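1. this one's sequence-less:
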């Protein structure tokens, strides 16, 4: 049994991360105005500075790398292919997005409707990112 193919992991992870970043930007149109209004209601603001944008890219790339790492790690046990990628996407969503959204809900920072939209976009991002990254990652 061989180890994770680092070059393929990086290629798949970067591709997945870039896809996640694009989908997050497009998907945020569904909830951004509401989210900004919710923040303003708490005397908070979201400034879309260059530094903020760089961080969004870095977080998306890290997310893609984590997705493809887990795909590569479970691939020998669950088998290669889309089914495994979808499972990985859902599990990473549950462990990351969902728990964060529950926390935001518990704090009362955002309305439930915003959190549901954000969660749906995140689930789509992670499933599609895992599918893309899993398609690029190969061990043969």
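-> Okay, I see it. These numbers come from a predicted model, not from an experiment.
2. Student question: in this protein, what's the helix or strand with minimum average pLDDT?
-> helix 32-41 (a mean of 84; mean pLDDT, DSSP states H and E).
3. If we go by neighbour counts, what in that helix is buried?
-> 32, 35, 38 (16 or more other Cβ atoms under 10 Å). In short, each C-beta sits where N, CA and C put it, glycine included.
4. secondary structure element for the residue nearest to residue 31 when sequence neighbours are not counted?
-> With Cβ to Cβ, 6 or more residues apart in numbering as the criterion, residue 31 has its nearest non-adjacent residue at 4.3 Å, and that residue is residue 117. According to DSSP states H and E, residue 117 maps onto helix 112-136.
5. Distance from that helix to the middle of the chain?
-> 6 Å (Cα atoms, centre = their mean, to the nearest Å).
6. Tell me which other helices or strands that helix touches.
-> Applying 3 or more Cβ pairs under 8 Å, 6 or more residues apart in numbering; DSSP states H and E, we find helix 112-136 packed against helix 6-27, helix 32-41, helix 50-78, helix 82-93, helix 99-107.
7. which one of those lies closest to residue 123?
-> Closest of the helices and strands packed on helix 112-136 to residue 123 is helix 82-93, at 5.0 Å (criterion: Cβ to Cβ).
8. The closest one vs helix 50-78, what angle?
-> Relative orientation of helix 82-93 versus helix 50-78 (axes from the mean of the first three to the mean of the last three Cα atoms, to 10 degrees): 130 degrees.
9. can you give me phi and psi for residue 81?
-> phi 130, psi 180 (degrees, to the nearest 10).
10. Tell me how many other residues surround it.
-> Using other Cβ atoms under 10 Å, residue 81 has 12 neighbouring residues.
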